[in-house]
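In: sharing a sequence plus its predicted fold:
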Amino acid sequence: MIESNTSSGGTLEDFLDELGEKEEVYGEALKRVLSWQIEQARKQQSISKSDMARTMGTSRTQVDRVLDPSNIAVSLDTLERAARSVGKRLKVELIDR
């Protein structure tokens, strides 16, 4: 469990930054959200993983990697193809910190 850094007035973000883990945590959180959204769209449309793989032009194993929330080693191209296979579009943007 991560303890709050409230005694020094810091935030969880500050604490993760001090540990050098902020980017990793954000990356994993982002992948978890994307995986969940793609999986929800797949289920809502009753698309099998095999059909999704066929639409993406890849293997069922690769689809499992995309849908695995802890696997952050998935390219943007693969995420885009996964999104399209369930009728969605991936939107990536840069924002100020």
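Out: That came through fine.

In: who does the helix or strand of the chain with the lowest mean pLDDT touch, helix- and strand-wise?
Out: In the chain, no helix or strand scores lower on mean pLDDT, DSSP states H and E than helix 12-19, which sits at a mean of 72. Contacts defined by 3 or more CB pairs under 8 Å, 6 or more residues apart in numbering; DSSP states H and E place helix 12-19 against helix 22-44. Heads up, the C-betas are built off the backbone N, CA and C, glycines and all.

In: average pLDDT for whichever helix or strand comes after the helix it packs on?
Out: Scanning forward in sequence from helix 22-44 by DSSP states H and E, the next helix or strand is helix 49-56. If you average the pLDDT over helix 49-56, you get 97.

In: tell me which residues in helix 49-56 are buried?
Out: Residues of helix 49-56 classed as buried by neighbour count (16 or more other CB atoms under 10 Å): 51-53, 55-56.

In: endpoints of stretch 35-54, how far apart?
Out: With CA to CA, to the nearest Å as the measure, stretch 35-54 spans 18 Å from end to end.

In: for Arg54, see how far away Val63 is.
Out: Distance, Val63 to Arg54, using CB to CB, to the nearest Å: 10 Å.

In: likewise for Gly10?
Out: 49 Å.

In: identify the contacts common to Val63 and Arg54.
Out: Counting by CB atoms under 8 Å, 6 or more residues apart in numbering, no residue touches both Val63 and Arg54.

In: hmm, Glu39 is touching Asp64, no?
Out: No. Proximity of Glu39 to Asp64 does not meet the contact threshold set by CB atoms under 8 Å, at 10.8 Å.

In: comparing these two, which shows the higher neighbour count?
Out: Under the criterion of other CB atoms under 10 Å, the comparison of Glu39 against Asp64 puts Glu39 first, with 18 against 12.

In: so who does the more buried one touch?
Out: By CB under 8 Å, 6+ apart, Glu39 lies in contact with Leu67.

In: pull the least confident helix or strand of the chain out as CSV, backbone CA atoms only.
Out: In CSV, the C-alpha atoms belonging to helix 12-19 read as follows (Å, rounded to 0.1, in the frame of the first residue of the first chain):
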residue,chain,number,x,y,z
LEU,A,12,0.6,11.0,-4.8
GLU,A,13,1.9,12.4,-8.1
ASP,A,14,4.9,14.0,-6.3
PHE,A,15,5.6,10.8,-4.4
LEU,A,16,5.6,8.7,-7.6
ASP,A,17,7.8,11.3,-9.2
GLU,A,18,10.3,11.1,-6.3
LEU,A,19,10.4,7.3,-6.7
